[in-house]
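In: I would like to see how this sequence folds:
(chains A and B)
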Amino acid sequence: MDLSYSPEEEAFRQEVRSWLAGNLPADIRDKVVGYQHLSKDDFIRWHKILAAKGWSVPHWPVETGGTGWNITQRYIYDEEFGLAGAPGLPPFGPAMCASVLHKFGTPEQQARFLPRIREGDDFWVQGYSEPGAGSDLAGLKCRADRQGDQYVVNGQKIWTTLGHYGDWIFCLVRTDSSSPKRQEGISFLLIDMKTPGITVRPLILMDGGHEVNEIFFDDVKVPIENLVFEEGKGWTVAKYLLGHERMGSGNVGGSKRELAALRTLAARELKNGKPLLEDPRFRDRLSRTEIELEALEITSMRFLDKMRRSGQPPGADVSMLKIRGSELQQAITELMMQAVGPMAQPFKAVDGGAIDHFTSRLAPRYMNMRKTSIYAGSNEIQRNIIAKMSLGL
Amino acid sequence: MNFEYSDEQQQLADSLGKYLASQYDFEKRKAIINSASGVSDTAWATFAEMGLTAIAVPEADGGFGGGAVDLMAAMEACGQALVVEPLLDNIGLAGRLVAKAGSDAQRAALLPGLVDGSIQLAYAGLEPGRRYALAPETTTARSSAEGWVLDGAKCVVFGAASAHRLIVSARTADGVSLFLVDPKAAGVTLNPSRTVDGQRVADVTLAGVQLAADALLGPQGGALPAIEEATDFATALLCAEAIGAMQYANEATLEYLKTRKQFGAPIGTNQVLQHRMVEMVIFTEQARSMATLAASKVDTCTDARERARAVSAAKVKIADAARQVSQEAVQLHGGMGMTEELKISHTFRRLTMIAQRFGDADHHLERFASLT
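Out: Numbering: from 1, shown residues only, chains lettered A, B, ... in the order given. Sure, this is the predicted structure:
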């Protein structure tokens, strides 16, 4: 039993840390730390900096541009990103689409798409959910009809994160409606967002931000070479992707940074002339949150250690980290918002007024973070997964 | 980074587990609790034979020089079986105090016996009405011509009745001191009772107890750091014991969900129960992480503050998890979970008491915050 990182791992941490200190653009960091949304340009600029360093796709095979780091190094890398206020690259291209292409793509598809994903030339988004198919994804209806050497896509996707930035979208579509099982007849298609017939409509969330979208497909023509794996076998691809979600969904690094910021904030805020940090009610809630994070960090390390030994993907363990990690993120933003009291209320300057850029983001951030227990498999779905896979219920 | 138990640690836990499964099952445990002494001498001898009493004792004193991490898996096994002998109190608390604070002569007189099982010790620290305070106030020791005279009262002393020596904390003119006291000495009165989870404790009254000068254990007036260290060490062991009890509660509850049928189907097919079961498992995993942290820190920390902070963080998590898991285990067992007949109700009792022992969640939350 040894809870510490090896000297080599510590050295690696230092390497990542000092590189981030020298290369993360200050304006991007300020946006992350100040809870502002990043523009497409911010993401691409940061992606290109990482790509130039060779760090944009650490988890890929070395042959296609991966770093060859082990899972502990990747975990440290993610944690340092969180601590530094560096945005993680949106997962849709580098993590998700690339993972599918590595496993199921033809050599032509790999050669065509992977380098551009690695270099940040194409911004990918994910077309899974539909109005009638959320947690029950197999109920999807968006259809692709084969006509000669192309598919004609009609239907709708929803909750497309950063869909308005997208150059390409990978979609689950129904290519055969006659299958008795709903999981059959689904296919995995890559669609150029510049194709005529695609409409992106923003869905503004309660924090006022434009992050997710609805996407409408109206006779969108997709060449058949953009089909990944076999026609009708898209569910196999989707399941593979779910099983290979990366470790680190607990967001330990980011939560550590935010809790430190919360401490600073609570030391500055006064209640009855004394720092809020000394108020027993507030302090207890803060302490519990800190302890929960400490537990989550060690649980993450334990699962990492287990994965390294077994060489197996994490399975249902990741669901546990997702549940507690998301709850923790929500708890932190709630405390953060409450820590500034009435100053959490001003949201937008009007008529030439001015507001505090930081405190005005805290309530929207709290609201935005409600998504974490809903997205990427709601926490209820995660509990279903644990009940079924780990407990045999 | 390595979260696996070593082969030795695992082997010890396995053989202990095997022994407890065959010789310390639910019925045999009940017989032990209902016996006159409330403890099993055979079990104690077996614990000693297996080396449990030797692990944390320094090599120079005849032990193995191990730590809390070496005892974790074994303590888990004790928690699974709801062991009632004062093992934790001897090896984690009283033995620790002798090993850390004792003179050469005191260590030589007591530790080999602790190791071979022939001597038991009990730490008398708590005082009535003063909750979890570690520094004594109402128990006093004044120096006399022969040595010391002790007066005061201690409460809830685990293993007092089977102890050959009590280690009593008392206030001396210059601070906090520890004394070795023969429980049969004149002026010492034991008022024994059984705890709600089947262990033997006693309140101890000290009325003009005469002690020789060499009864002083550790520095005169400066024993508080040793008491804090031993209590943190014992708390780390208690956390591991809690993990074992929670593990049992989870296994038993899961089994019940799969076998108990209502409305023509196992009750575990209900999503509301599945999700509650999953929460029990998550609570236990998070608690296990913190128990591991606590054991590791009491073994490796040179900084008392860092050690105490980690132990308090762990105890908060363990207290919360013990409460959640035990309450849910009973709820999911329905009426059967309430009965004496099922081990789950006894596990509930143990987990409830563990949640409070050495300080409840509020106590440790406060200590954690003061150290952060």
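In: anything in stretch A:133-146 near chain B?
Out: No: Stretch A:133-146 stays clear of chain B (Cβ under 8 Å from any Cβ of the partner chain), getting no nearer than 12.4 Å. (C-beta placed from N, C-alpha, C; glycine too.)
In: so how far is that stretch from its chain's centroid?
Out: Distance of stretch A:133-146 from the chain centroid (Cα atoms, centre = their mean, to the nearest Å) equals 22 Å.
In: what residues of it count as buried?
Out: Buried positions in stretch A:133-146, judged by neighbour count with 16 or more other Cβ atoms under 10 Å in any protein chain shown: A:133-134, A:137, A:140, A:142-144.
In: what's the answer for stretch B:235-254, then?
Out: Judged by neighbour count using 16+ other Cβ under 10 Å, the buried positions of stretch B:235-254 are B:235-250, B:252-254.
In: so which bits of the stretch 151-300 of chain B are right by chain A?
Out: Taking Cβ under 8 Å from any Cβ as the contact definition, the stretch 151-300 of chain B meets chain A at B:254, B:257-258, B:268-269, B:271, B:274-275, B:277-279, B:281-282, B:285-290, B:292-293, B:295-296.
In: ok, of those, which come out buried?
Out: Of these, these count as buried by 16+ other Cβ under 10 Å: B:254, B:257, B:268, B:274-275, B:277-279, B:281-282, B:285-290, B:292-293, B:295-296.
In: coming back round to it: what's the closest of the buried residues of stretch A:133-146 to chain B?
Out: For the buried residues of stretch A:133-146, the closest approach to chain B (Cβ to the nearest Cβ) belongs to residue A:134, at 16.5 Å.
In: contacts only, for the closest one.
Out: residue A:159 (Cβ atoms under 8 Å, 6 or more residues apart in numbering or on different chains).
In: phi, psi for the residue positioned nearest the centre of chain B please.
Out: Taking Cα atoms, centre = their mean, the centroid of chain B lies closest to residue B:88, which sits 4.1 Å from it. Torsion angles at residue B:88 (phi, psi; degrees, to the nearest 10) stand at phi -60, psi -40.
In: which residues touch it?
Out: Residue B:88 makes contact with B:75, B:78, B:158, B:234, B:237-238, B:241 under the criterion Cβ under 8 Å, 6+ apart.
In: farthest-separated two in the residues you listed?
Out: B:75 and B:158 (14.8 Å; Cβ to Cβ).
In: these two: who's more crowded?
Out: Legend: neighbour count by other Cβ atoms under 10 Å in any protein chain shown for residue B:75 and residue B:158, higher for residue B:75 (29 against 25).
In: tell me which parts of chain A are close to chain B?
Out: Residues of chain A found near chain B (Cβ under 8 Å from any Cβ) are A:1-6, A:9, A:72, A:280, A:283-284, A:286-288, A:290-292, A:294-296, A:298-299, A:301-302, A:304-306, A:309, A:320, A:323-324, A:380, A:383-384, A:386-387, A:390-393.
In: among the residues you listed, the buried ones, what's the ChimeraX command?
Out: Buried residues among the residues of chain A next to chain B (16+ other Cβ under 10 Å), as a ChimeraX selection:
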select /A:1,3,9,72,283,284,286,287,288,290,291,292,294,295,296,298,299,301,302,304,305,320,323,324,383,384,386,387,390,391,393
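In: inside helices: which ones of the residues of chain A next to chain B?
Out: In helices, defined here by DSSP state H, the members of these are A:9, A:72, A:280, A:283-284, A:286-288, A:290-292, A:294-296, A:298-299, A:301-302, A:304-306, A:309, A:320, A:323-324, A:380, A:383-384.
In: assign whichever residue of the stretch 101-250 of chain A sits closest to chain B to helix, strand or coil.
Out: Nearest residue of the stretch 101-250 of chain A to chain B (Cβ to the nearest Cβ) works out as residue A:250 at 11.2 Å. Here residue A:250 is recorded as coil under DSSP: H, G, I helix; E, B strand; the rest coil.
In: please apply the same query to residue B:180.
Out: Under three-state DSSP, residue B:180 falls in the strand class.
In: go on, residue A:218?
Out: Note that with three-state DSSP, the state of residue A:218 is strand.
In: hmm, the residue of the stretch 101-250 of chain A closest to chain B is touching residue A:322, no?
Out: Yes: contact criterion Cβ atoms under 8 Å: residue A:250 and residue A:322 qualify, at 7.4 Å.
In: looking at the two, which is more packed in?
Out: residue A:250 (28 against 24).
In: quick one: pLDDT of the more buried one?
Out: pLDDT for residue A:250: 73.
In: quick one: the helix or strand bottoming out on mean pLDDT in chain A to chain centroid distance?
Out: Ranking every helix and strand in chain A by mean pLDDT, DSSP states H and E puts helix A:234-243 at the bottom, with a mean of 88. How far helix A:234-243 lies from its chain's middle: 17 Å, per Cα atoms, centre = their mean.
In: quick one: contacts of that helix?
Out: By Cβ under 8 Å, 6+ apart, helix A:234-243 touches A:96, A:99-100, A:103-104, A:128, A:137-138, A:172-173, A:175, A:183-184, A:186-189, A:228-229, A:313, A:315, A:377.
In: next SSE downstream of the helix or strand hosting residue A:15?
Out: Using DSSP states H and E, the element containing residue A:15 is helix A:7-23. As assigned by DSSP H and E, the chain's next helix or strand after helix A:7-23 is helix A:26-33.
In: quick one: list the elements packing against the helix or strand following that following helix.
Out: Moving toward the C-terminus from helix A:26-33, the next helix or strand (DSSP H and E) is helix A:40-53. Contacts defined by 3 or more Cβ pairs under 8 Å, 6 or more residues apart in numbering or on different chains; DSSP states H and E place helix A:40-53 against helix A:7-23, helix A:26-33, helix A:107-119.
In: hmm, 7 Å instead?
Out: helix A:26-33 (3 or more Cβ pairs under 7 Å, 6 or more residues apart in numbering or on different chains; DSSP states H and E).
In: contact partners of the helix it packs on?
Out: A:38, A:42, A:46, A:85-87 (Cβ atoms under 7 Å, 6 or more residues apart in numbering or on different chains).
In: now it - C-alpha only, CSV.
Out: Provided in CSV are the C-alpha atoms of helix A:26-33 (Å, rounded to 0.1, in the frame of the first residue of the first chain):
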residue,chain,number,x,y,z
ALA,A,26,-3.8,34.1,-20.1
ASP,A,27,-7.1,35.2,-21.7
ILE,A,28,-8.2,31.6,-22.1
ARG,A,29,-7.2,30.8,-18.5
ASP,A,30,-9.1,33.9,-17.3
LYS,A,31,-12.2,32.8,-19.1
VAL,A,32,-12.1,29.3,-17.5
VAL,A,33,-11.4,30.6,-14.0
